[in-house]
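*Asks:* For reference, the sequence and a predicted model appear below.
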Amino acid sequence: QVQLVESGGGLVQAGGSLRLSCAASGRTFSRYAMGWFRQAPGKEREFVAAISWSGGSISYADSVKGRFTISRDNAKNTVYLQMNSLKPEDTAVYYCAAGGRGITKVAGVDYWGQGTQVTVSS
């Protein structure tokens, strides 16, 4: 069992930066691939970024490549999402996720966090 708690969301102007954190409970954190998803009002939840258990494999949605960076610290049971050059279309609730190799899809997620709001003003 893994419990995930996100933090770091907020309101930022376009072009600004935010860093999201996701603290995980449980001793098995390092066994899971971790990811971030987001959901804007009226839209489906979509994949943002994922990182393998070792950190050796990372993937991003095309919409955030070059702007967002995912990382993890297994000693701290924490995964991060550094978001730079934010755009109004990045506005959404961001969810931390834990799962296996299929974590780039909603169906591949085993555990979800409660979400944190990110709002980017123009």
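*Replies:* In hand now; what should we look at? Residues are numbered from 1 along each chain as shown.
*Asks:* which residues of the chain score low on pLDDT?
*Replies:* For the chain, the stretches with pLDDT under 70 are 27.
*Asks:* can you give me the strands for it?
*Replies:* With DSSP state E, the ranges of strands along the chain come out as 3-7, 10-13, 18-25, 33-39, 46-51, 58-60, 68-73, 78-83, 92-99, 109-112, 116-121.
*Asks:* Using a markdown table, please lay out those strands together with mean neighbour count.
*Replies:* Where C-beta positions appear, they are placed from N, C-alpha and C, glycine not excepted. Below are the strands of the chain laid out as a markdown table (neighbours: other Cβ atoms under 10 Å):
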| stretch | mean neighbour count |
| --- | --- |
| strand 3-7 | 17 |
| strand 10-13 | 13 |
| strand 18-25 | 19 |
| strand 33-39 | 24 |
| strand 46-51 | 22 |
| strand 58-60 | 16 |
| strand 68-73 | 18 |
| strand 78-83 | 23 |
| strand 92-99 | 23 |
| strand 109-112 | 18 |
| strand 116-121 | 17 |
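*Asks:* what about the spatially most central residue of the chain, distance to Thr104?
*Replies:* Note on the chain: the residue nearest the mean C-alpha position is Trp36, at 2.3 Å, using Cα atoms, centre = their mean. Computed as Cβ to Cβ, to the nearest Å, the Trp36 to Thr104 distance reads 11 Å.
*Asks:* go on, Lys65?
*Replies:* Counting by Cβ to Cβ, the gap from Lys65 to Thr104 is 14 Å.
*Asks:* Compare those two (neighbour count), which wins?
*Replies:* Shown here are Lys65 and Thr104; by other Cβ atoms under 10 Å, Thr104 has more neighbours (19 against 10).
*Asks:* so what's the residue nearest to Tyr80 when sequence neighbours are not counted up against?
*Replies:* Once flanking residues are discounted, Tyr80 sits nearest to Ser71: 4.9 Å by Cβ to Cβ, 6 or more residues apart in numbering. Contacts were defined as Cβ atoms under 8 Å, 6 or more residues apart in numbering; by that measure Ser71 touches Ile51, Gly55, Val79, Tyr80, Gln82.
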